[in-house]
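Student: Attaching a predicted model along with its sequence, questions to come.
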Amino acid sequence: MTRSVKIALGSVFVGILVLTIKTFAWWLTGSVALMSDALESIVNVATALAALLAIHIASQPADADHPFGHHKAEYFSAVLEGVLIVVAAVLILREAWGAWQQPEAIQQVGLGLAINLAAGAINALWCYVLLREGRKLNSPALVADGKHLLTDVFSSAGVAVGVGAAALTGWLWLDAALAALVAVNILWSGWQVIRGSVGGLMDAAVPEAELADMRAVISANAEGAVEAHDLRSRRAGQAVFLEFHLVVPGEMSVDAAHEICDRIEHALQEKIDGCRVTIHVEPEHKAKHSGIVVL
């Protein structure tokens, strides 16, 4: 079991625990805002299960049907998570509208809020773990799960303040208004998750900062070559695919050119985890006098 799978499995258990706690808080108080918070936790559990499945698939080695691996499975998980977030937001808005039309008094406010805040604290701790490990492991599914959970943490804090204010002032419409705000916040989170995942599915290039690092590594390790050009990159889950043309002197032997390629490939893989390199060697008359200058 890989570390990514272990963390994804942990998300499922944390999600179920937080859902149970938040549902109890809603049952005690009858607050529609706390209900919206609990409903978002149902989405957390569903998306954690989707992420677990996607990470398991993505970790499978390349085969005859998928020679480049299964890395993009994580992006499908992130898109599904975004869709589920939107569905949750719509359901919350429906409940908020009903509560706005017929507001009801909130019961056992102090105990209910304390329980809900405890669930929020658990989420905050796990959110930190997901974002840290997801970025370290280059896992889109874990990062998407962490970003969604971060939204949940802020929502829970805002709901707690608002429900307390509604109970103290007697303005029961605040409960419904807060639920609607939670829904809008969730919608924004869903859009961010979907947008980031679509970029991966569309083979977007890696960020410019990473490209600059790649160019520097190629330049520093291509001694004996003339230049490198037509650099192309894409990220698929935990893998980074990089390809470029390497121009070498026309009289250079195949063995010597291959040695340069091996040196560059090894240096890139040392610098970038999961880097898959494809190098096309060209003779000197193919030089474009642009791209990466060999140091």
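Tutor: Cool, got the structure. Numbering: from 1, shown residues only.
Student: can you pull out the helices in the stretch 101-250 of the chain?
Tutor: Listed in chain order, the helices of the stretch 101-250 of the chain (DSSP state H, counting those that start in this stretch) span residues 109-136, 140-169, 173-201, 208-221.
Student: what's the closest of these to Leu93?
Tutor: For those, the distance to Leu93 is smallest for helix 173-201, at 4.6 Å, taking CB to CB. From N, CA and C alone the C-beta is placed, and that goes for glycine too.
Student: which residues touch Leu187?
Tutor: Neighbour list for Leu187: Ile85, Val86, Ala89 [criterion: CB atoms under 8 Å, 6 or more residues apart in numbering].
Student: Let's see that with 6 Å instead.
Tutor: Contacts for Leu187 (CB atoms under 6 Å, 6 or more residues apart in numbering) come out as Ala89.
Student: Could you check how far it is from Ile85?
Tutor: 7 Å (CB to CB, to the nearest Å).
Student: before we move on, back to that, what's the closest of the helices of the stretch 101-250 of the chain to His285?
Tutor: Ranking those by proximity to His285 (CB to CB) places helix 208-221 first, at 20.8 Å.
Student: Alpha carbons of that closest one, as PDB, please.
Tutor: Extracted in PDB, the C-alpha atoms of helix 208-221 (Å, rounded to 0.1, in the frame of the first residue of the first chain):
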ATOM      1  CA  GLU A 208       7.000  28.300 -15.700                       C
ATOM      2  CA  ALA A 209       9.100  28.000 -12.500                       C
ATOM      3  CA  GLU A 210       9.300  24.200 -13.100                       C
ATOM      4  CA  LEU A 211      10.100  24.700 -16.700                       C
ATOM      5  CA  ALA A 212      13.000  27.100 -15.800                       C
ATOM      6  CA  ASP A 213      14.400  24.400 -13.500                       C
ATOM      7  CA  MET A 214      14.200  21.900 -16.300                       C
ATOM      8  CA  ARG A 215      16.000  24.200 -18.700                       C
ATOM      9  CA  ALA A 216      18.700  24.800 -16.200                       C
ATOM     10  CA  VAL A 217      19.300  21.100 -15.500                       C
ATOM     11  CA  ILE A 218      19.400  20.300 -19.300                       C
ATOM     12  CA  SER A 219      21.900  23.200 -19.900                       C
ATOM     13  CA  ALA A 220      24.200  22.100 -17.100                       C
ATOM     14  CA  ASN A 221      24.300  18.500 -18.000                       C
END
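Student: Which other helices and strands does it contact?
Tutor: Counting contacts by 3 or more CB pairs under 6 Å, 6 or more residues apart in numbering; DSSP states H and E, helix 208-221 packs against helix 254-271, strand 292-293.
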